[in-house]
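A.B. asks: I would like to see how this sequence folds:
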Amino acid sequence: MPVAPDGSPVELYALLPEMGEGDRVGEAVAAGASILELGCGTGRITRQLLRLGYRVTAVDESPEMLDRVEGAETVCSRIEGLDLGRRFDAVLLASNLITAKPDPRRHFLEACKRHSDIVVVEGLRLGWCPANGESDWVESGEVSSRLWIDSVEGGVVLGAVEYAAGVGKWRHEFEMKVFADRNELDEALGEAGLRLDRWIGDEGGRWFVAVPA
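C.D. replies: Down below sits the predicted model:
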């Protein structure tokens, strides 16, 4: 099974269902706008944006992932240091990339700021603190998944997510930073010259818009 540089299985990622992410973006970005999507994977969100009429440039470091993306301009590149030399109406940083360790997180956000004055971000709810141990299996289309939490210390969640589908099984270990409150989130955004402009949906929820500070 082809895998991305971070070990993500391409065929399994291609089976993950849409979860209405495009509609969230639509609450913040005008129809017909140009969007730079960072870390697009196999195009699960890309497809939604295209159907909504956005002009999408999709970036991923895996050529195997990008082979699954149709209808959008594609760029094979790491996010860190990305500079396409042009601006977009908005940048999308989804899939919890903002929960990365401090250095890569800052580089991700700086890449967003280089390309647009509007950054749409998907992360985790402020103060999310899951219980240790194994969760039940959850069905999402053709894919089943469950979460295993090893520990939560200092706002860092250590664990793994397991996926199962017809193409096989996959276990991905993770280390995610959960922002305890608005102050912690503001500090992280400020390191990249950004500030929180408004929430998309519930305050303190998973989606928000950031703009230059």
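A.B. asks: please name every helix or strand in contact with the helix ranked longest in the chain.
C.D. replies: Counting by DSSP state H, the longest helix found in the chain is helix 102-115. Helices and strands touching helix 102-115, as assessed by 3 or more CB pairs under 8 Å, 6 or more residues apart in numbering; DSSP states H and E, comprise strand 34-38, strand 90-93, strand 119-122, helix 182-190, strand 194-200, strand 207-212. To be clear about C-beta, it is placed using only N, CA and C from the backbone, and glycine gets the same treatment.
A.B. asks: mind giving me CSV with those and columns for distance to Ser77, mean neighbour count and mean pLDDT?
C.D. replies: Shown next, in CSV, are the helices and strands packed on helix 102-115 (distance: least, CB to CB, whole Å; neighbours: other CB atoms under 10 Å; pLDDT from 0 to 100):
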stretch, distance to Ser77, mean neighbour count, mean pLDDT
strand 34-38, 9, 24, 98
strand 90-93, 14, 26, 98
strand 119-122, 18, 25, 98
helix 182-190, 23, 16, 98
strand 194-200, 21, 16, 98
strand 207-212, 21, 19, 98
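A.B. asks: JSON lines for the ones you listed, including distance to Val10?
C.D. replies: Below are the helices and strands packed on helix 102-115 laid out as JSON lines (distance: least, CB to CB, whole Å):
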{"stretch": "strand 34-38", "distance to Val10": "17"}
{"stretch": "strand 90-93", "distance to Val10": "20"}
{"stretch": "strand 119-122", "distance to Val10": "21"}
{"stretch": "helix 182-190", "distance to Val10": "30"}
{"stretch": "strand 194-200", "distance to Val10": "29"}
{"stretch": "strand 207-212", "distance to Val10": "26"}
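A.B. asks: out of those, nearest to Ala164?
C.D. replies: strand 119-122 (23.8 Å; CB to CB).
A.B. asks: direction included, what does that closest one pair against?
C.D. replies: Strand 119-122 has the following strand partners under DSSP bridges: strand 90-93 (parallel), strand 207-212 (antiparallel).
A.B. asks: which of these sits closest to Met19?
C.D. replies: Of all the strands paired with strand 119-122, it is strand 207-212 that lies closest to Met19, at 11.5 Å by CB to CB.
A.B. asks: which residues of this structure fall in helices?
C.D. replies: 10-13, 21-26, 44-51, 63-66, 102-115, 182-190.
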